[in-house]
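Engineer: Turn this into a model:
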Amino acid sequence: MRDGLYRNRGLAGLVVTTALTLFGCGYAGEPKPPALLRPMKVTELSGAERGSKIVVSFVMPWETTEGIPLGESADVEVRIGAAPAPWNEDTWRGKSDRVPVPEVRAARVASGAIAASGGGRGASGGRGASGQRSLFGRLKSAAKPPGIVKPVAPSKVSLIRTVTVDAAKYSGQTVVIGTLVHGPRGRDDGWSFTQLEVLPVLPAPRDLRATDVPNAVRLQWTADAAMFRVFRKQPDDKDWVQIADGVTAKTYDDNSMSYGKTWQYYVESIRKVGTGTMESDASATFTFAPVDKFPPAVPTGLTAIGGTKTVELYWEPVTDADLAGYRVYRNGVKVADALTGAVYSDKDVTVGSKYSYQVSAVDLAGNESAKSGPAEVTME
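Structural biologist: Sure, this is the predicted structure:
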C-alpha cells in the first residue's frame, strides 16, 4: 500500500514538472514569414504646367502595405512620357524619361490635398491636376492603368515632394506621369499615374520698364501674348501681390502706389484654357522709385464778389488725391497760401480800387499748378 502511494506521488510530480516545462517554453503558434517591406503608393499625385516647367507634386507614403513605418529612406522613381494608344504600361515605361528626385523634402504636412499652385511668384490657380480629366477617361484601351491610391490616414504626417521638368520637350503631347516607390528590399506596390496635356509654352514678357505719369507708375513691356497679370511688392516684402489681371494692353498704370517708396514689379503672360488659366514664366523684375513731378489740376470757376470792406472769392475744388492746398494772387502778388478750402475772403482792400485775382493749386510734393483765369472786381 505504501509503495503504491509513493508511485502515485511520483507520477503527480512528473505531471506538474511537465506542465511547468510546457508553460516555460513561451510557444506562440505558427512562425510568421519575413515582412516584405513593400511601400504603399504615393498619394495626391498631380502634374501642372507652370510657365516653361511641368511641376509634379506628390505625398510620400509613411508605411508599408503591412503597416510597418517606412521612415524617410524609401526611394521613389518618377517618370514622364507620351501616353501610348492603346495604353500599355511596359510601352510607356520603355519610352518615358526618368525625372531626378531631389533628396531634400519640400515640407512636412498633415495628409490632405496638395494645392496645385505654382510656387515662387504669384497666386494664380494654373492648370493643376484638378483641371485634368481622369486617366481612365482619357486613355482608350482594354487594359487601363491603375488610378491613384486612397489617401493616407489624416492622423499621419507625410512628406511632400515636388520635382520639375522642362515642358518644351513634351509640348503638344498628352503625357502620363508615373511614380513607383521602391522598398528597402527592392519590392514595390505598383505605379501611381496622372495625366497632363502639355500646351505650347507661353513666352514670358520682356523689356519691362516703368516711367512716371501723373499720380501713377506706367509699366510697359514687350510680349507675344494677348493677356497679362501684373504683380508688385516693396523690396523688403516677402510676398508679391497681384494688382491686375486680364490686362489686354502691353501697358498698365499703377495708380494705387505711393510716392516716397520703392516698388518692384513683374508681369506674366496668361492664356485661358478651358475653365483654367495658363501662365508664362515671370518677366524680369523692374525696381522703380516714383517721383511726383506733376502739378495738380488748375482751379476753375473763380468768382470775385466785392462787398463793403472785403472781396469774397470762390472756385471749384481740385480733386487731385495729393492736393495740399491753394494759393491766392492779387494783382500778380501772392496774398494767401496753404488754403484747404476753395474759398477766400480778402479784407485788405480799399474803396475805389480795382483788383484782379488768380488761384493756383499745390500738391503734397510742392508742385504748383498754373494760375487760374483772372476774376476782376472794383471796390465802390
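Engineer: which stretches of the stretch 51-200 of the chain form helices?
Structural biologist: Using DSSP state H, counting those that start in this stretch, the helices of the stretch 51-200 of the chain run over 89-95, 135-138.
Engineer: where does the chain dip in pLDDT?
Structural biologist: For the chain, residues meeting the criterion pLDDT under 70 lie at 1-34, 71-73, 103-158.
Engineer: repeat that with 80
Structural biologist: 1-37, 69-74, 102-158, 184-185, 275-276 (pLDDT under 80).
Engineer: domains of it?
Structural biologist: The chain breaks down into these domains under automatic domain parsing: 43-197, 206-288, 300-378.
Engineer: Just the endpoints, please. Distance across the second one?
Structural biologist: Domain 206-288 has an end-to-end distance of 16 Å (criterion: CA to CA, to the nearest Å).
Engineer: With the first one instead?
Structural biologist: Its first and final residues considered, domain 43-197 spans 21 Å by CA to CA.
Engineer: before we move on, what SS does Ser360 have?
Structural biologist: The three-state assignment at Ser360 reads strand, by DSSP: H, G, I helix; E, B strand; the rest coil.
Engineer: quick one, helices of the stretch 201-350 of the chain?
Structural biologist: Using DSSP H, counting those that start in this stretch, the stretch 201-350 of the chain contains no helices.
Engineer: Quick check on the nearest residue to Pro61 once chain neighbours are set aside: phi, psi?
Structural biologist: Closest residue to Pro61 apart from its sequence neighbours, by CB to CB, 6 or more residues apart in numbering: Met40 at 3.9 Å. C-beta here means a position set from N, CA and C on the backbone, and glycine is covered the same way. Dihedral pair for Met40: phi -70, psi 160, per degrees, to the nearest 10.
Engineer: do you know how far Met40 is from Tyr314?
Structural biologist: In this structure, Met40 and Tyr314 are 81 Å apart, going by CB to CB, to the nearest Å.
Engineer: higher neighbour count, these two?
Structural biologist: Between Met40 and Tyr314, Met40 has the larger neighbour count (other CB atoms under 10 Å), namely 23 against 15.
Engineer: Contact partners for the more buried one?
Structural biologist: Met40 makes contact with Pro61, Trp62, Glu63, Thr64, Thr65, Leu70, Val149, Val152, Val181, Asp189 under the criterion CB atoms under 8 Å, 6 or more residues apart in numbering.
Engineer: so how many other residues sit close to the closest residue in space to the fifth one that isn't next to it in sequence?
Structural biologist: The shortest distance from Thr65 to any residue that is not its chain neighbour, by CB to CB, 6+ apart, is 5.0 Å, and that residue is Arg38. The local packing count at Arg38 equals 20, with neighbours defined by other CB under 10 Å.
Engineer: again with Tyr170
Structural biologist: Around Tyr170 there are 20 residues (other CB under 10 Å).
Engineer: got it, and His182?
Structural biologist: His182, neighbours per other CB under 10 Å, totals 14.
Engineer: Am I right that it is in contact with Val78?
Structural biologist: No - assessed by CB atoms under 8 Å, His182 is found out of contact with Val78, at 11.7 Å.
Engineer: got the buried residues for stretch 66-83?
Structural biologist: Leu70, Ala74, Val76, Val78, Arg79, Ile80, Gly81, Ala83 (16 or more other CB atoms under 10 Å).
Engineer: hey, what's Ile177 bridged with?
Structural biologist: Using DSSP bridges, the bridge partners assigned to Ile177 are Ile80, Thr194.
Engineer: got it, and Trp263?
Structural biologist: Going by DSSP bridges, Trp263 is paired in beta bridges with Phe288.
Engineer: got it, and the one 4 residues further on?
Structural biologist: Counting by DSSP bridges, Val267 is bridged to Val230.
Engineer: Hmm, it is touching Thr285, no?
Structural biologist: No - using CB under 8 Å, Val267 is not in contact with Thr285; the gap is 9.8 Å.
Engineer: Identify the contacts common to these two.
Structural biologist: Contact criterion CB under 8 Å, 6+ apart; residues shared by Val267 and Thr285: Leu208.
Engineer: So those two - more neighbours on which side?
Structural biologist: Neighbour count, other CB under 10 Å: between Val267 and Thr285, Val267 has more, with 28 against 15.
Engineer: which ones are touching that one?
Structural biologist: Per CB under 8 Å, 6+ apart, neighbours of Val267: Pro205, Leu208, Leu219, Trp221, Ala223, Phe228, Arg229, Val230, Phe231, Tyr252, Ala282, Ser283.
Engineer: residues touching the last one, list them.
Structural biologist: Yep, that's Ser283 we're talking about. Contacts of Ser283 by CB under 8 Å, 6+ apart are Ala204, Pro205, Arg206, Leu208, Trp221, Tyr266, Val267, Glu268.
Engineer: Just to check, the first one is in contact with Gly51?
Structural biologist: It stands for Ala204. Yes - counting by CB under 8 Å, Ala204 touches Gly51, with 6.9 Å between them.
Engineer: Which residues are in contact with each of these two?
Structural biologist: Taking CB under 8 Å, 6+ apart as the contact rule, Ala204 and Gly51 both touch Glu268, Ser280, Asp281, Ala282.
Engineer: With respect to Trp240, which of those is nearest?
Structural biologist: The nearest member of the shared contacts of Ala204 and Gly51 to Trp240, counting by CB to CB, is Ala282 at 9.0 Å.
Engineer: Quick check: the nearest residue to the closest one once chain neighbours are set aside vs Val377, distance?
Structural biologist: Closest residue in space to Ala282, ignoring its immediate chain neighbours: Tyr266 at 4.7 Å, by CB to CB, 6+ apart. To Val377, Tyr266 is 57 Å away according to CB to CB.
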